[in-house]
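**Student:** Here is my input; please provide its structure:
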Amino acid sequence: MEQLVYQYFSDDDFLRISNKIKENEKSTSGEIRVAIKDHRHFLDWRKDIRRLAEKEFYKLKMHNTRDKTGILLYLLLNEKQFYVLADQGIHQKVEDNTWHQVCDEIQSHFKEGNFCNGILWGIDRVGKILSEHFPVKSDDTNELSDEVVIEN
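**Tutor:** Presented below is the predicted three-dimensional model:
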């Protein structure tokens, strides 16, 4: 059975998303990740979208960045739910409401069937916000992979 994710995204889309992350991380010390999940696992059926994003955040070791500046764009495809989760360092400088607004805008792209463009827009928006609060440092290193995490 083909993964649901390939009904919405192509391999080229994943490459575009990964390149967009690389491009945005050139201007910030923040670390951006995108995780796309086909459906929730049976053991997670009671968890809300935030808890699912938190689980993925820790699974990807995003909490281990030097300045706690990891941010996850998490998409649960079969339920068409989306969440932006920022680590503590970001949370101290950027209000949650900012991320809710980013989610709303990404969702509007999704509602029009523009899934890849929604993610790309979200990465650009997150990158711009992060570069304002967490500009790139002279000793900055890419601490996390820029590849899209895909799970069925």
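
**Student:** which residues of this protein fall in strands?
**Tutor:** Residue ranges of the strands in the chain, as given by DSSP state E, are 31-37, 70-76, 81-86, 149-151.

**Student:** which ones are touching the most centrally placed residue in the chain?
**Tutor:** Centroid check for the chain by CA atoms, centre = their mean gives Leu73 as the closest residue, at 1.8 Å. By CB atoms under 8 Å, 6 or more residues apart in numbering, the contact set of Leu73 is 32-35, 82-84, 106, 119, 122-123, 126. All C-beta atoms are positioned from the backbone trio N, CA, C, and that covers glycine.

**Student:** can you redo the strands of the chain as CSV with mean pLDDT?
**Tutor:** Formatted as CSV, those follow (pLDDT from 0 to 100):
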stretch, mean pLDDT
strand 31-37, 96
strand 70-76, 95
strand 81-86, 93
strand 149-151, 91
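
**Student:** could the ones you listed go into a markdown table alongside distance to Thr141?
**Tutor:** What follows is those, written out as a markdown table (distance: least, CB to CB, whole Å):
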| stretch | distance to Thr141 |
| --- | --- |
| strand 31-37 | 10 |
| strand 70-76 | 13 |
| strand 81-86 | 20 |
| strand 149-151 | 20 |
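
**Student:** Name the spans of this structure whose pLDDT lies under the cut-off.
**Tutor:** Within the chain, the segments meeting pLDDT under 70 span 1-2.

**Student:** change it to 50
**Tutor:** 1 (pLDDT under 50).

**Student:** contact partners of the longest helix anywhere in the chain?
**Tutor:** The longest helix of the chain (DSSP state H) is helix 115-133. Applying CB under 8 Å, 6+ apart, the external contacts of helix 115-133 come out as 8-9, 13, 16-17, 20-21, 23-25, 27-30, 32, 34, 69, 71, 73, 75, 84, 90, 93-94, 98, 102, 105-110.

**Student:** His109 and Lys55: what is the separation?
**Tutor:** Applying CB to CB, to the nearest Å, the value for His109 to Lys55 is 25 Å.
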